[in-house]
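Enquirer: this is the structure alone, sequence omitted:
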DNA sequence: GTGACCGATGTAAACGTTTTCACCGCTGCG
DNA sequence: CGCAGCGGTGAAAACGTTTACATCGGTCAC
């Protein structure tokens, strides 16, 4: 079918070993044979077969990525960070998404055995234990924003609690006392941590909890839209809406505009994640910077490092928690709110094209 | 190191062939040996090695995806569509991005040889010929939004010309005569086609071209921001800004809000792509629906079909052009503008989570 | 002058599957 | 009764690489 190393060897009058050495510069070869082999390889358009290569050396040059979903800027940023880091180590990404429950994740994990050198797993609705169980033995894995229970897996996550805590303190400092909160999905670990951070800050400030101010969402724009509708229809509506992620804040802003409720004058809105579009919203969204791309990059880097070292496999699992940062823009009504998307922050330096 | 089919065979007291048959149900096996093998495989947590499997059958079960970038909702939607379609055929996606020029694409293509069954290549800044040249012989490939010159590659693209043409006609019908246009990058094929469609509609309407109304962008929010700034500072500013993609429209909206220029009263804004966030913008963005996810899905489906058939390899290349659709929302100032993001359109039916 | 080492090459054994072929014992048909 | 066909199995040959080991001239040091 397609041209193999044997074809090249035959035409160049050398053994396959020599061709291999030329292609990988893995051992000295005379200059003359080197150029001859190279010329023939080029003529034949020979490209080594990845599967065979992976089988022979015990390395595939790919990282498996397992995600719950691909919808929205959050995941695209995450992937971007991972890809960037992987590429610098000459690896590529084998992506598989739409794995919410333990069964789905297990299936995806198995499908990747022997096709990747390591795994990056994001499964905020699945306990870490379930993931560890599905894992083929000895496959290096980094868990992103997972639920931990003393698992021996590397993991890296975001300081959801701290970020939400800081945001709520900020809102309290601005004088808000009734804060509407649009949560994420019930079983989502990120969502729960953000809710806890919010509640903790309220408690510490002595503000009584009002359960009617907490409405459930699912991290989609649509659920943010509905959440804002619910909250503003309350007999005693909140003076600010804190959406547990930016996508829901986008939805909330959309509803409020529609209902002709001025933001931030009548009700303020804040989000969480700082996805790229946040600073361009109208008004620019006050949010908690997570550095989604950085999160992905960090996870990939950690995995690649582990692969490079191949240190005592059972050594202490790395457990990183990335700090978050409050980003104050116009939507919360703070007087100091930055005026232009370019003022306080540099824009992404990449040069996107479509 | 890790457990192989031989281990299972040995412990089950059968040959590797039988184990293989059990795992793949590729041939009849006695029920008793079947259950025994299965039990042992489970105990040992045996998972067949993907590379070996791929080498043996000549099929990897993966689709290669080569993209210029990963920044923004456009690509996340594209990937989502591809992944959806691939998954239904039990395939996964090997993704590699940041390949703008011919050299980068060639490199990425080579890196995938033998690791994927086919290729989905999006390279709007690279001529189709360059891509075809880099391709290992016989690797089925679908080109997305490419530049064609009679290449024998399957390709699928969006009716950029028609979409832009329809949008400009819409704007003309609304009474606009001075239309500011923020283009995409100079060498980008999509960008050029959209610009041509816009100009053609102007010409047909007898509106003289004013080159000062065309400013160059690069499909990023930042360039849209700057474009709006340039256009509104003209001695004779336009009454509407047509951004060649939604990301730039987002940037433009952000600038206009900042400059306290009312949209659509003082200047209208329209975009292109209809990325998910468009309907949630403030005001909701009038744009051209491309169905980005559908584009990705269609491309993947085409590739998978080709793989399943394995028809006469050199048969006529498929060349699809996806229709576009004008989506009128509030940002263009049309009286009939839809009032809620939910009114005319169903929301994405997926259930994202983070 | 001889042994040691080195550069350049070839041979062949991995790597972990799938799959062809062959074989064995049946059953059923002519 | 002979033989075709079939269910069930194993041995071994692919699949296309990499790499350990062997070989063979040389050159250099002693």
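Expert: Yes, it's here. Remember, it's a predicted structure, so these values are computed and weren't measured experimentally.

Enquirer: so which helix or strand takes in residue A:293?
Expert: Following DSSP states H and E, the helix or strand that holds residue A:293 is helix A:292-309.

Enquirer: OK, contacts around residue A:29?
Expert: A:18, A:21, A:22, A:37 (C-beta atoms under 8 Å, 6 or more residues apart in numbering or on different chains). Yep, even glycine has a C-beta here, placed from its N, CA and C like the rest.

Enquirer: so which of the residues you listed is the closest to residue A:308?
Expert: Using C-beta to C-beta, residue A:21 comes nearest to residue A:308 of the contacts of residue A:29, at 23.5 Å.

Enquirer: neighbours of residue A:14, how many?
Expert: 18 (other C-beta atoms under 10 Å in any protein chain shown).

Enquirer: same thing with residue A:39?
Expert: The burial count for residue A:39: 12, using other C-beta under 10 Å.

Enquirer: which two from the contacts of residue A:29 end up farthest apart in space?
Expert: Spanning the widest gap among those are A:21 and A:37, at 9.0 Å by C-beta to C-beta.

Enquirer: for stretch A:123-130, the distance to its chain's centre please.
Expert: 15 Å (C-alpha atoms, centre = their mean, to the nearest Å).

Enquirer: do the same with stretch A:175-192
Expert: 20 Å.

Enquirer: now narrow the contacts of residue A:29 to whatever sits close to DNA strand D.
Expert: residue A:21 (C-beta under 7 Å from any atom of the strand).

Enquirer: of the contacts of residue A:29, which is the most crowded?
Expert: That'd be residue A:37 among the contacts of residue A:29, by other C-beta under 10 Å, with 24 neighbours.

Enquirer: check which helix or strand covers that one.
Expert: helix A:31-44.

Enquirer: doesn't residue A:113 make contact with residue A:119?
Expert: No - the pair residue A:119 / residue A:113 is not scored as a contact, 9.5 Å apart, by C-beta atoms under 8 Å.

Enquirer: what residues does chain A put near DNA strand D?
Expert: A:1-2, A:4-6, A:16-17, A:20-21, A:23-24, A:26, A:46-49, A:52-53, A:55-57.

Enquirer: buried subset of those residues?
Expert: The neighbour-count test (16 or more other C-beta atoms under 10 Å in any protein chain shown) marks A:2, A:4, A:5, A:20, A:21, A:23, A:46, A:47, A:48, A:49, A:53, A:55 as buried among the residues of chain A next to DNA strand D.

Enquirer: and the residues you listed, which is closest to residue B:62?
Expert: Among these, and counting by C-beta to C-beta, the member closest to residue B:62 is residue A:49, at 13.5 Å.

Enquirer: where exactly do the helices run in chain A?
Expert: Applying DSSP state H to chain A gives helices spanning A:5-12, A:16-24, A:31-44, A:50-56, A:73-88, A:102-112, A:128-134, A:160-173, A:189-204, A:221-232, A:246-258, A:292-309.

Enquirer: contacts for the longest one next, please.
Expert: When contacts are taken as C-beta under 8 Å, 6+ apart, the neighbours of helix A:292-309 outside the stretch itself are A:63, A:74, A:77-82, A:84-86, A:89, A:91, A:117-120, A:140-142, A:144, A:154, A:156, A:158, A:273-275, A:318, A:320, A:322.
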